[in-house]
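> pasting the structure only:
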């Protein structure tokens, strides 16, 4: 079981997403836990001045009484009588009153209020402030999806500690031999509320991933040029010695839409992704599933969010790091890897700056033995074929020549793009040259009678409708209109084919999306694919689609809807017609060859869902695929083209099925071919995995409306196994993302 699958307890939904009774039970337990002497009446309350000053605006100056009445009802076991405004008041006692957060500014942090006035003491403040420069944000500069991965801190000479689930966003392997490409991660020790966004004074690249622990959610990153005087001291005290000690968690919390956003905004002052100090107490041990292991973790009750993964948990009295934060559950507990446990691992202790020594243990020997084959196989160097070169043109007024990667290694002449020349509609057949032999293949023949195509069927799954995505009014202006006599289903934009349909973005000459019905049970053997022949579609203007002139060695005609998806039917003839129908230029996009041919990543998603999760007696899928268009996608043009076209660097896929239990499930994925840029060879590109995202986030990024299927997106539901806390891509917005390296990572 992966870390993501194991952490079903992470960040339960609040409000409508958490049962009211459970929420109140947690509130009572938490309030009793933080109250002096466990007496609810002794809890510190926010005063009128604090409420009016801000931070408790949900109460309102005239509604502070709700706090008191809610507390009284809770103490008298009258939870059923507690009103929503009283719940807000109770939350305000916990957060932000008793478990606040403070900005790190300059070389110190903001003052805190009661009950954390001791953190303002000069001696304590100097002790904690001296540690701040050693705690940074783990960046993923090569990722188009994540603005950063989490938090890390200096634990040894040239070493940063973070979580295993953070490191696995940019590396592969377990144990001591990890596959990692230098430059895919970095550590930035600034990223504070008072630091400019372009401040790179404390930004260092990660050179290697030194270790990914096979038992604990811990990893070590090798970073050159780390200052040796900023290595944090790691505690060897047992959890029993540290129980009820005051701690601060220092890290980079991100807004998390699995928890109450209004409450987060009150606690975090609507500012995220910057360095914060978050006080709390160490609590008793608790067992939690972490990857494939049940670990006995330290718990604490500081206010943490996604982005805090990898944060340092620091004892206020000593300044020692006592734990490495890795997970949290609202109003219950946060979980951390105890330094005391790591200090007993003989593979770890020589590398890190522990304040003492402990007798070693063999508790984790089975976990280390289990990764020995992984370490051996990871030593094998991947093949490194030479990438092809193509000419790419970018819009600019300059005439300079430079090298650029799109992801191919290319020579770019910077100048103004050529004008696209419209061509009349025709029935042109674009023959595909065999690049090695210089001859045309004739294997693909399509049905010339387009009236025979019924297109995509929204009712294909029978128990739930999956309509075509809707384009916005603005997008309609850029959508190709089908010739009036060839329109189907009263839709002016739908290009209907056998078992699939396409909406074309005429400005980009590439589909907004291609939607297909997939039947896994009616696939006659149509023979081996012998050669390709692609066709333009006469039902729209030739100027609204790409032709064969755009393709050359190294640039593939990448199917959007796969030919395997539609190659089904009652007999060989019908399956062959459907297979051949995917060879329309309306169903392809410019794709670098290694990306298009990476079946183990992109195409394997559908195969896994169909074979492992669809109903066995009726294995069907609705699959919708398209590019993620961006304004800065590179402009492409070769000598045979009289137009230029922008090459999309990211693609998305939505799969909808009826699960084995009869319920619908919708899943969304993103994969970017920019992931393979700047490589000496292409094979290594496919160490980079696809990412599962929420349908709601995909709607935001594409402008498409996927309708009611969003309610079947189990990845979007809080508390579902497989969720992963990661910071979002836009300030104030958290996108839920999960790296998919194999089928078991997919939340269905």
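All right, it came through fine. Predicted model, so just to flag it, every value in this text is computed and none were measured. Residues are numbered from 1 along each chain as shown.
> residue 540: which element?
Under the assignment given by DSSP states H and E, residue 540 is not contained in any helix or strand.
> excluding covalently adjacent residues, which one is nearest to it?
Taking CB to CB, 6 or more residues apart in numbering as the measure, residue 540 lies nearest to residue 480, with 4.4 Å between them; neighbours along the chain are not counted. To be clear about C-beta, it is placed using only N, CA and C from the backbone, and glycine gets the same treatment.
> show me what contacts that neighbour?
Residues touching residue 480, when contacts are defined by CB atoms under 8 Å, 6 or more residues apart in numbering, comprise 493, 495, 504, 505, 506, 540, 541, 544, 545.
> beta partners of residue 589?
In this structure, residue 589 bridges to residue 558 when assessed by DSSP bridges.
> show me the helices in the stretch 1-150 of the chain, by range?
With helices called from DSSP state H, counting those that start in this stretch, the stretch 1-150 of the chain shows them at 3-6, 20-34, 48-53, 65-75, 84-92, 122-129.
> ranking these by mean pLDDT, which is last?
Here the lowest mean pLDDT among the helices of the stretch 1-150 of the chain goes to helix 3-6, at a mean of 31.
> stretch 181-199: end-to-end distance?
24 Å (CA to CA, to the nearest Å).
> show me what that stretch is in contact with.
Contacts made with stretch 181-199 from outside it, assessed by CB under 8 Å, 6+ apart, are listed as 103-106, 133-142, 149, 152, 160, 167, 170-171, 200-208, 221, 223, 252, 271, 273-275, 679, 684, 687.
> let's go with 6 Å and repeat that
Outside stretch 181-199, the residues that touch it by CB atoms under 6 Å, 6 or more residues apart in numbering are 103-105, 133, 136-140, 142, 152, 160, 170, 202-207, 223, 274-275.
> and residue 443, what pLDDT?
Residue 443 is assigned a pLDDT of 54 by the prediction.
> pLDDT on stretch 370-377, on average?
Within the predicted structure, the mean pLDDT of stretch 370-377 is 59.
> oh, and call the first residue 16 from now on, that's how I've got it
Sure, I'll start counting at 16 from here, so that last one is stretch 385-392.
> hang on, residue 175 is in a helix, isn't it?
No. Assignment of residue 175 by DSSP: H, G, I helix; E, B strand; the rest coil gives strand, placing it outside any helix.
> and residue 343, how close does it get to residue 314?
Look at residue 343 and residue 314: by CB to CB, to the nearest Å, they are 9 Å apart.
> how far off centre is stretch 648-656?
Counting by CA atoms, centre = their mean, to the nearest Å, stretch 648-656 is centred 31 Å from the centre of its parent chain.
> ends of it, what's the gap?
With CA to CA, one end of stretch 648-656 sits 18 Å from the other.
> tell me the average confidence for it?
The predicted model assigns stretch 648-656 a mean pLDDT of 79.
> can you check stretch 507-515 too?
In this model, stretch 507-515 carries a mean pLDDT of 97.
> contacts for it?
Counting by CB under 6 Å, 6+ apart, the neighbours of stretch 507-515 from elsewhere in the structure are 468, 470-471, 494, 496-497, 503, 516-518, 531-532, 576, 581, 592-593, 596, 601.
> can you do 8 Å?
For stretch 507-515, the surrounding residues in contact (CB under 8 Å, 6+ apart) are 462, 467-471, 483, 486, 491, 494-497, 499, 502-504, 516-519, 529-532, 552, 554-555, 576, 580-581, 583, 589, 592-593, 596-597, 599, 601-602.
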